[in-house]
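Chemist: here is a sequence with its predicted model. Questions after.
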Amino acid sequence: MKARRIALAALLLAAVVAAALGLPIASWVATAAEWAQQHRAAASALFVGGYVVAAVFLVPGAIMTLAAGFVFGLPLGAALASAGSVLGAAAAFAVGRVVARDWVARRALASPRFRALAAATHRDGFSIVLLARLSPLIPYTFLNYGLSITAVRFKDYVLASWIGMLPVTVIYVYTGSLAKSLATLKSVRAPSWTAYALVAIGFAATVALTALIARRATSALRERLAAEPPSLPGGAQ
């Protein structure tokens, strides 16, 4: 199961590069990137707002994070994607805890793995959220809503989510920026093999780092959950 999840993550990253090389998505996003460069403040606000809306409506966060790298580049893209992912996670958490608690509970508590995670938040909510964010064991959108019915405190949830999502956010934004680099190389009449090799090495290192973070966090999270009985959460604080 773990190998399959890592393989799926690698395929997702590869698909982004393939899209940059073979599909007109590069020209589409290039137009958005040009507009973003000319209207930096408006584009940044629109992106963060769009990320929040996407999180509430269960759109996978990886899509938005990769787009941040393509449109804004690494430094600004990482900052915007981090802000958007945390605000989106907080918004979905609030919706799940205040508005849609029964709906979330019916779906989340059907999973024994999630019931163990919910029970573990009674003892150490911050660490459990941190490990869950670092691991692909439970997807971003599911965690946003699922954790809303656990005992984790909102401030611990937000801080642990921000710290736990930051490494993978930077990795995905970097991957998006690589896709933009490949699109730029295509516009060059005769790009050297060295340029392609450097991009390929960067991409391979990104996949390897993603797999390493995911493996270690997943192992630690499974050890913590194995010590917890899969009981129902006793309610949020």
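Modeler: Structure received.
Chemist: quick one: the residue lying closest to Ala43 once chain neighbours are set aside from Ala226, how far?
Modeler: Sequence neighbours aside, Ala36 is the residue nearest to Ala43 in space, at 3.6 Å (criterion: CB to CB, 6 or more residues apart in numbering). Any C-beta I mention is one placed from the backbone N, CA and C, and that applies to glycine too. Counting by CB to CB, to the nearest Å, the separation of Ala36 from Ala226 is 46 Å.
Chemist: same deal with Arg216?
Modeler: If you measure Arg216 against Ala226 using CB to CB, the figure is 16 Å.
Chemist: coming back round to it: more crowded one of Ala36 and Ala226?
Modeler: Ala36 (20 against 9; other CB atoms under 10 Å).
Chemist: which parts of stretch 166-181 are buried?
Modeler: 166, 168-181 (16 or more other CB atoms under 10 Å).
Chemist: mind picking the lowest-pLDDT entry from those?
Modeler: The member of the buried residues of stretch 166-181 with the lowest pLDDT is Ser181, at 64.
Chemist: okay, and the closest residue to Leu134 other than its chain neighbours sits in which element?
Modeler: For Leu134, the nearest residue in space outside its immediate sequence neighbours is Ala217; the separation is 3.4 Å by CB to CB, 6+ apart. Take DSSP states H and E as the rule and Ala217 turns out to sit in helix 193-226.
Chemist: go on, Ala91?
Modeler: Under DSSP H and E, the secondary-structure element containing Ala91 is helix 74-94.
Chemist: if we can go back for a sec, tell me the one of the buried residues of stretch 166-181 nearest Pro139?
Modeler: Val168 (12.1 Å; CB to CB).
Chemist: any idea how far Ala68 is from Thr175?
Modeler: Ala68 sits at a distance of 10 Å from Thr175 (criterion: CB to CB).
Chemist: residues contacting Leu143?
Modeler: The contact partners of Leu143, by CB atoms under 8 Å, 6 or more residues apart in numbering, come to Ala89, Val129, Ala132, Arg133.
Chemist: which of those sit farthest apart?
Modeler: Farthest apart among the contacts of Leu143 by CB to CB are Ala89 and Ala132. That separation is 11.3 Å.
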